[in-house]
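Q: Show me how the following folds:
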Amino acid sequence: MSRVGRVERTTKETSVLVEIDLDGTGKVEVSTGVGFYDHMLDQLGRHGLFDLTVKTEGDLHIDSHHTIEDTALALGAAFKQALGDKVGIYRFGNCTVPLDESLAQVTVDLSGRPYLVHTEPEKMAPMIGEYDTTMTRHILESFVAQAQIALHVHVPYGRNAHHIVECQFKALARALRYASERDPRAVGILPSTKGAL
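A: Residues are numbered from 1 along each chain as shown. Sure, this is the predicted structure:
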């Protein structure tokens, strides 16, 4: 059964198309107009083995905030759609990823309840190209709100802003991959004692 989500989101500020296949091979086609964000979404698709298409046109003449935020909202909604009824998945996933001097620890529960815990070093460069580094948390908040998952992201240390952000996206990709994969021992079983996720 296909596990594909497709969301189109259009406002006065942005036009976004996101398509994700959870059972893909990491084929990625991304264009948001924000170079570093494209690079991070590429990490998400490739390391999650998700086939991911993102096409965003936003009001970049103002700044990149609306473009980044609305893309994250659409991505979360598409991910939720692709999960479907969640029968037979692992549900929980975690991954720790180093990137040179930085380390990210990510744990996810595809719980149906949005919650984010996010910590990263406070002192880092404010910008990576045109990417505002304070947006990383907001991306995760937006994604979590629409995907309806519980997500814990912890970066205990790191110096280079590029590394600090990138290891988060790589670890998130792997944690989402592990959580959303089908468990061969749980065919037809919903991983919840409540009977609902």
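
Q: from the chain's centre, how far out does stretch 38-55 sit?
A: 9 Å (Cα atoms, centre = their mean, to the nearest Å).

Q: for stretch 175-186, that is, sorry about that
A: With Cα atoms, centre = their mean as the basis, the distance from the averaged C-alpha position of stretch 175-186 to the chain average is 16 Å.

Q: Where do the helices of the protein begin and end?
A: Residue ranges of the helices in the chain, as given by DSSP state H, are 35-48, 65-83, 135-147, 161-180.

Q: Would you format those as TSV with mean pLDDT included?
A: Converted to TSV, those look like this (pLDDT from 0 to 100):
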stretch	mean pLDDT
helix 35-48	98
helix 65-83	98
helix 135-147	98
helix 161-180	98
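
Q: Now tabulate the ones you listed in a markdown table and tack on mean neighbour count and distance to Glu122.
A: (Glycine included, C-beta is placed from N, CA and C.) What follows is those, written out as a markdown table (neighbours: other Cβ atoms under 10 Å; distance: least, Cβ to Cβ, whole Å):
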| stretch | mean neighbour count | distance to Glu122 |
| --- | --- | --- |
| helix 35-48 | 21 | 20 |
| helix 65-83 | 23 | 20 |
| helix 135-147 | 21 | 12 |
| helix 161-180 | 24 | 11 |
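
Q: Quick one: closest of these to Tyr90.
A: Nearest to Tyr90 among the helices of the chain is helix 161-180 (5.6 Å), distances taken as Cβ to Cβ.

Q: Remind me what the closest one packs against, helices and strands.
A: Helices and strands touching helix 161-180, as assessed by 3 or more Cβ pairs under 8 Å, 6 or more residues apart in numbering; DSSP states H and E, comprise helix 35-48, strand 92-99, strand 102-109, strand 127-128, helix 135-147, strand 150-157.

Q: Repeat the analysis, applying 10 Å as the threshold.
A: When contacts are defined as 3 or more Cβ pairs under 10 Å, 6 or more residues apart in numbering; DSSP states H and E, helix 161-180 packs onto helix 35-48, helix 65-83, strand 92-99, strand 102-109, strand 127-128, strand 131-132, helix 135-147, strand 150-157.

Q: Tell me how far Val4 lies from Leu60.
A: For Val4, the distance to Leu60 under the criterion Cβ to Cβ, to the nearest Å works out to 29 Å.

Q: Revised request: answer the last question for Ile89.
A: Ile89 sits at a distance of 37 Å from Leu60 (criterion: Cβ to Cβ).

Q: Can you pick out the residue with more neighbours from these two?
A: Set side by side, Ile89 and Leu60 show more neighbours around Ile89, with 24 against 16, by other Cβ atoms under 10 Å.
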